[in-house]
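>>> Requesting a structural model of the entry that follows:
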Amino acid sequence: MQKKLRKSSTDKAIYGVCGGIAEYFGISSLGVRLLFILFLPANLIVYIILANTIPDSPPSL
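You can find the predicted model right below:
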């Protein structure tokens, strides 16, 4: 089964973008969030684009 990049429904701080990226690559969401904060000016635009384009994860039971 092929993995797809989706927003996280469980590891969600604002929109679930960093949690979804962390789940996709199998790394800690804290590390992804720190990278987004570290390079803040450029990543703010990238985060907004990803928040609007990455689909939500399907609801789980």
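>>> So for the longest helix seen in the chain, what gets flagged as buried?
Looking across the chain with DSSP state H, the single longest helix is helix 40-53. Judged by neighbour count using 16 or more other C-beta atoms under 10 Å, the buried positions of helix 40-53 are 47, 50. Just so you know, the C-beta spots here come from the backbone N, C-alpha and C atoms, and that holds for glycine as well.
>>> Stretch 22-35 too?
Of the residues in stretch 22-35, those buried (16+ other C-beta under 10 Å) are 22, 23, 29, 32, 33.
>>> again with stretch 52-61
For stretch 52-61, by 16+ other C-beta under 10 Å, it's 54, 57.
>>> for stretch 7-14, same thing?
7, 8, 11.
>>> Not counting sequence-adjacent ones, nearest residue to the last one?
Using C-beta to C-beta, 6 or more residues apart in numbering and skipping residues adjacent in sequence, the residue nearest residue 11 is residue 19, 3.1 Å away.
>>> any weak-confidence spans in this protein?
1, 61 (pLDDT under 70).
>>> how about the residue nearest in space to the middle of the chain, what does it touch?
Centroid check for the chain by C-alpha atoms, centre = their mean gives residue 17 as the closest residue, at 2.2 Å. Under the criterion of C-beta atoms under 8 Å, 6 or more residues apart in numbering, the contact list for residue 17 reads 7, 47, 50, 51, 54.
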